[in-house]
Every structure is written in structure tokens, then in C-alpha cells.
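Q: Build me a model from this:
(one chain, ligands or ions: 1)
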Amino acid sequence: MTTPALALFGGQPVRTRPFPLWPVFGATEEERLLRVLRSGQWGRLDGTEVAEFEERFAAMHGCRHGIAVVNGTVALRIALLAAGIRAGDEVIVPPYTFVATATAVLEANAIPVFADIDLATFNLDPQAVAAAITPRTKAIIPVHFAGQPADMDALVALAKPRGILVLEDAAHAHGATYRGRPAGSLADAATFSFQSSKNVTAGEGGMITTNDDALAAACRSIHNCGRVPEGVWYEHHVVSGNYRLGEFQAAVLNGQLDRLEDQAQTRESNGRRLAARLAGIPGLHPQRRPTECTRHAYHLFMVRIDPALFGASRDAVLKALEAEGVPCSAGYGYSLNDQPLFRNKAFGPFVPDARERLDYGAMRCPNSDVLCREQALWLGQNLLLGSGEDVDDIATAFEKVHAHRHELA
Ligand SMILES: Cc1ncc(COP(=O)(O)O)c(C=O)c1O
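A: Residues are numbered from 1 along each chain as shown. Reported below is the predicted structural model:
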């Protein structure tokens, strides 16, 4: 039996219907937004939406404290400052992540040091982290990449005896669990993002979660101009700023939170279904899932293509899949250690002595490099929000492209 022609060359696409759109919203968000509008209480200090969201989000993520802020980048910076990271301290981060994981470190006046990821899980490799630890290492920021918790047992075991802070970057991991425990509660503190693409969104927004009372109090003060609960209004105790989330965004986020559990279950079951089918195609490696990952948030569905085994280049496969009606992308074009920002150490007024101490050009992260250069393929979370048949179409498109791989040379 011959497979129908590739859509790229004029054949019928596997899929012509669109996948579910993102964001998803409805009456709950509308009602909450209107209530805030009409109340005239639009700021966090007057209204109730931010406080409600902080409490609900923190509880859903296994924490006593949640501090809502303007975005996920600022959340990282505030958590580092609150934890006592000081000028020139080293913070280990993965090179395969959004730039904010590393620039938040610079903005906290500290020095990001890159440790490579594991090629199968796309998460920080604990062995690479161990090799990057120096006496100046004061924090590790594991990213739960694509929504799959990092190897927290190994990372916490490395950090704890050395007094090193572990801050989860859970920007992708709303509702994910590790050995049944929620991401966000797996270390000293965690940060989340509610930017447009994220699994819980209000266009922008961020959150710090922690079970450490002192750390929470320090974050709360920094996010609110250095104020303290017992102080008067114009009394400021630390260098900080206004990073408070607004009531309109929290109104939307409370609505989004009502939807999170259902959506997380749908992504989880569709993600497992898709991974099982793609694993059967030569040269395709869906993100390896350790048993400790008891729920994957699937902010992204990640596949690694081995071009030699698959028989076509990643970029050719991307084009062919797009034509078949499956939106996908190559993701990051640079490993962070190769970004001009780091190669040129364009740190502005920050961390002056990093210029002498560190050579990012010499810092090699081959696994991250190969993913960026030729092997990573991303599918967005909204593709997993439909039915099982919807994700079967994705697998069928991959199979069809593989069957025609020789035409893509
Ligand atoms: C892994 C990761 N960390 C941090 C951030 C920063 O969050 P924000 O865009 O809300 O500042 C993002 C994404 O946008 C991210 O993907």
C-alpha cells in the first residue's frame, strides 16, 4: 500500500481542522473581570482577587505561601534576592531554557553558570551540576522543562549538605507532580509564569511559592517596595520595587485555575498516548519520562529527532509537518551559553568581576547545543487539549512524513 503524497508536494494534508485554540476562557473569567471593574478596587492592596489566587495556587502546589508578581522573570529575581543571594555568588542553571532563567540571576547581581542537560529528559543532568559546583555556588535553578519535573532527588541531595539553595523554575509545570508531590513544593522555593503561552495565563503574571515562612516574608516585602507588615505606608526596609500583580489579571487567573485540573488530566492522557505512538518511529525520541514524574504538565510536547536514523533533517520534517496541518517549531535557536549576551558578557552594570572570571565561550554544553542546532522539535500544549483522535492525527502525520523521508533530502 502506498502512503498518500506529502501535503508539502500537493497531497491531501492529514489534518485540515484546527487544533484547540489557546487561551481557553468563558463566563467565569468574564464575571470575575466585570466584578473587579465595577468594584473600582483594581489594585492588589484594595481588592480580593490576588489574595484569593495566591492562596488557591499555593495550596494546589503544596505550599503555605504564594506571592503573586508581574511575571516569571521577576519572580525568579525576587526569590534569589530574598534567599540572600549576593553580588558575585554563582548560580547553576541549565543552558536549555528561556533566557530569563539565567538573566534573572544576572539581575540579582549574581553569576549564572551553565551545566548541561540530559539529552533524553531535556532536564539538568545532576552529574554536570556536580562538576559545576565551586565554593562560590550558592543556588541551583532546575527548570522543569516542558512541564516534566527535573531530577529533584539527585539535585536536592547535591545541594542540601552544601547549604546550596534549590529554586525550581516551574514556569512550564503548573499542576505537574514528582513522586505524587506537586512541582512548586519540591525544594526551597519555586517560581511560575502566567505569560500568554503558559498553561495558566492572564497574558502576563508570575508567582513565587514556598513553605519557608521567612523566605515568603522576604519575597512579600521585596515585591511591595520593601514594606513590612508592621511598618507604616511610607516606610521601606530593603531595595526593591513595585512588582505586585493587579486585580484584573488575578480575576482571569482565578478563572483559569478552575480549569487547570481538567486540562491537566487531558494533556496528561493525550501526552502519554502521543508519546507511545511516536516512540515506534525510527529516529524519534519523545522526552524520556522517569517513573518519578507522576504527572507531566505538558506545557510542551518535546521530541528529539535523530536525523541520521529518521532519514531527514529536523527542519525538513518541521516544514512537512506544518503542511500536514500540525503546527510545530524548532524551539530555541541557541543554547544560552552561546547567546551573544553571554559570549560577549554584555552584563551592563551587573557583576563586574564575572567578566574576568568566566569564559562562556569555553563552557561547552553539547547536549543542549545539539538540540538547538538540529534535533529538538516542539509541539504546543494546546495541541493536547482535544480528543485522543486529535493527537492520533499528529502521530499519523509523523508516520506519513517518515514514510516519505527520502523525498525530503
Ligand atoms: C523556563 C522559563 N522560565 C522563566 C520564564 C519567564 O517568565 P515570564 O515570561 O513570565 O517573565 C519563562 C517564560 O516565559 C520560561 O519559559
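
Q: measure the residue of the stretch 1-150 of the chain found nearest the ligand to Thr16 for me?
A: Proximity of the stretch 1-150 of the chain to the ligand (CB to the nearest ligand atom) peaks at Gly72, 2.6 Å away. Just so you know, the C-beta spots here come from the backbone N, C-alpha and C atoms, and that holds for glycine as well. Distance of Gly72 to Thr16, given as CB to CB, to the nearest Å: 35 Å.

Q: Look at these two and report which has more neighbours.
A: Neighbour totals were compared for Gly72 and Thr16, and Gly72 leads with 27 against 10 (other CB atoms under 10 Å).

Q: Show me which residues of this structure sit near the ligand.
A: 71-73, 97-98, 100-101, 143, 169, 171-172, 193, 195, 206 (CB under 6 Å from any ligand atom).

Q: would JSON lines of those with distance to Leu119 be doable?
A: Output for those, formatted as JSON lines (distance: CB to CB, whole Å):
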{"residue": "Asn71", "distance to Leu119": "30"}
{"residue": "Gly72", "distance to Leu119": "26"}
{"residue": "Thr73", "distance to Leu119": "27"}
{"residue": "Thr97", "distance to Leu119": "15"}
{"residue": "Phe98", "distance to Leu119": "19"}
{"residue": "Ala100", "distance to Leu119": "23"}
{"residue": "Thr101", "distance to Leu119": "19"}
{"residue": "Val143", "distance to Leu119": "15"}
{"residue": "Asp169", "distance to Leu119": "20"}
{"residue": "Ala171", "distance to Leu119": "21"}
{"residue": "His172", "distance to Leu119": "18"}
{"residue": "Ser193", "distance to Leu119": "25"}
{"residue": "Gln195", "distance to Leu119": "27"}
{"residue": "Gly206", "distance to Leu119": "29"}
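
Q: close enough to count as contact, the residue of the stretch 1-150 of the chain closest to the ligand and Thr191?
A: Yes. Look at Gly72 against Thr191 with CB atoms under 8 Å: they come within range, at 5.8 Å.

Q: and for the two, which residues touch both?
A: Shared contacts of Gly72 and Thr191 (CB atoms under 8 Å, 6 or more residues apart in numbering): Asp169, Ala171, Gly206.

Q: Looking at the residues you listed, which are in strands?
A: Residues of the shared contacts of Gly72 and Thr191 located in strands (DSSP state E): Asp169, Gly206.

Q: before we move on, the earlier item: narrow the residues of the chain next to the ligand to those in helices?
A: Gly72, Thr73, Ala100, Thr101 (DSSP state H).

Q: give me every residue that touches the first one.
A: The reference is to Gly72. Ala100, Asp169, Ala171, Thr191, Phe192, Ser193, Phe194, Gln195, Gly206.

Q: let's see 10 Å
A: 98, 100-101, 104, 169-172, 191-195, 198, 204-208 (CB atoms under 10 Å, 6 or more residues apart in numbering).

Q: what do you get for Pro112?
A: Applying CB under 10 Å, 6+ apart to Pro112 gives the contacts 90-95, 101-106, 141, 336-337, 342, 351, 354, 358, 360.

Q: Pretty sure it sits in a helix.
A: No. Per DSSP: H, G, I helix; E, B strand; the rest coil, Pro112 lies outside any helix segment and is strand.

Q: Make sure Cys219 is indeed in a strand.
A: No. Assessed with three-state DSSP, Cys219 is helix; it does not lie in a strand.

Q: Hmm, it is touching Gly84, no?
A: No. Using CB atoms under 10 Å, Cys219 is not in contact with Gly84; the gap is 11.9 Å.

Q: So for these two, which residue has more residues nearby?
A: Cys219 (27 against 12).

Q: what's downstream of the helix or strand bottoming out on mean pLDDT in the chain, the next helix or strand?
A: Lowest on mean pLDDT, DSSP states H and E among the helices and strands of the chain sits helix 354-357, with a mean of 72. Per DSSP states H and E, the first helix or strand lying C-terminal to helix 354-357 is helix 366-370.

Q: If you count neighbours, what's buried in stretch 197-206?
A: Neighbour-count burial for stretch 197-206, with 16 or more other CB atoms under 10 Å as criterion, is recorded at Lys198, Asn199, Val200, Thr201, Ala202, Glu204, Gly205, Gly206.

Q: right, I mislabeled it, should have said stretch 42-62
A: So stretch 42-62, judged by 16+ other CB under 10 Å, has buried residues 44, 47-50, 52-54, 56-58, 60-62.

Q: Quick check: mean pLDDT of that stretch?
A: Averaged across stretch 42-62, pLDDT comes to 98.

Q: what about that stretch, start to end distance?
A: Terminal residues of stretch 42-62 are spaced 28 Å apart (CA to CA, to the nearest Å).

Q: before we move on, what about stretch 74-92?
A: When the termini of stretch 74-92 are compared using CA to CA, they are 18 Å apart.

Q: Please state the offset of it from the chain centre?
A: Centre-to-centre, stretch 74-92 and its host chain are 18 Å apart (CA atoms, centre = their mean, to the nearest Å).

Q: count of residues packed around Leu21?
A: 8.

Q: for the one 10 residues further on, same thing?
A: Here the neighbour count serves as a burial measure; for Glu31 (other CB under 10 Å) it reads 12.

Q: Now do the contacts for it.
A: Glu31 neighbours (CB under 10 Å, 6+ apart): Ala251, Gly255.

Q: And the pLDDT at it?
A: Reading off the model, Glu31 has pLDDT 98.

Q: which residue packs closest to the residue of the stretch 1-150 of the chain closest to the ligand, ignoring adjacent ones?
A: Take Gly72 and drop its neighbours on the chain: the residue closest to it by CB to CB, 6 or more residues apart in numbering is Ser193, 2.7 Å away.
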